[in-house]
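# only the shape, not the letters, is given here:
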């Protein structure tokens, strides 16, 4: 019987083989989150990068246990903003506000 890979296994393998794609992937998942506010999708994307980078190493950098990091990024996770900031920094990035393309409000 042929063993098929899960989507997570495929995605992890892709980013391990193409680490240069991680920048664009992170930008995309945060842009999607800004548009649809889907926390679950954002956490799923961060989980992918955490697995590729090594959950244990990332947890140590963030100051969490491995289980704590996995729980924070799980489907049921509800991490504090500070945790997300620390996780993103451990990935080598930072959160920076971006002005929305809209007209100035009337005063």
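Sure thing, it's come through. None of the values given here were measured: they were computed from a predicted structure.
# who are the contact partners of residue 59?
Applying C-beta atoms under 8 Å, 6 or more residues apart in numbering to residue 59 gives the contacts 65-66, 68-69. C-beta here means a position set from N, CA and C on the backbone, and glycine is covered the same way.
# which of the residues you listed lies closest to residue 54?
For the contacts of residue 59, the minimum distance to residue 54 (C-beta to C-beta) is 9.8 Å, reached by residue 66.
# now the closest residue to the closest one other than its chain neighbours: which helix or strand?
Spatial nearest neighbour of residue 66, excluding adjacent residues (C-beta to C-beta, 6 or more residues apart in numbering): residue 59 at 4.6 Å. Element membership for residue 59, per DSSP states H and E: helix 55-62.
# and residue 26, by the same measure?
Using DSSP H and E, residue 26 falls within helix 22-36.
# dump the residue contacts of the residue sitting nearest the centre point of the chain.
Using C-alpha atoms, centre = their mean, the residue of the chain that lies closest to the mean C-alpha position is residue 46, 1.8 Å off. By C-beta under 8 Å, 6+ apart, the contact list for residue 46 reads 29, 73, 84, 87-88, 91.
# what about whatever helix or strand it lives in, distance to the chain center?
According to DSSP H and E, residue 46 maps onto helix 39-53. Mean-position distance between helix 39-53 and its chain equals 4 Å (C-alpha atoms, centre = their mean, to the nearest Å).
# try stretch 90-99
So, by C-alpha atoms, centre = their mean, the centroid of stretch 90-99 is 11 Å from its chain's centroid.
# any idea of the mean pLDDT in it?
Regarding stretch 90-99, the rounded mean pLDDT is 90.
# what's in contact with that stretch?
22, 26, 30, 46, 49-50, 53, 58, 61-62, 84-85, 88.
# and the two most separated of those?
Spatial extent of the contacts of stretch 90-99 (C-beta to C-beta) is set by the pair 30 and 61 at 19.6 Å.
# quick one on the thing from earlier: could you give me the buried positions within the helix holding residue 59?
55, 58-59, 61-62 (16 or more other C-beta atoms under 10 Å).
# just the angle between it and helix 39-53, please?
Computed by axes from the mean of the first three to the mean of the last three C-alpha atoms, to 10 degrees, the angle separating helix 55-62 from helix 39-53 equals 110 degrees.
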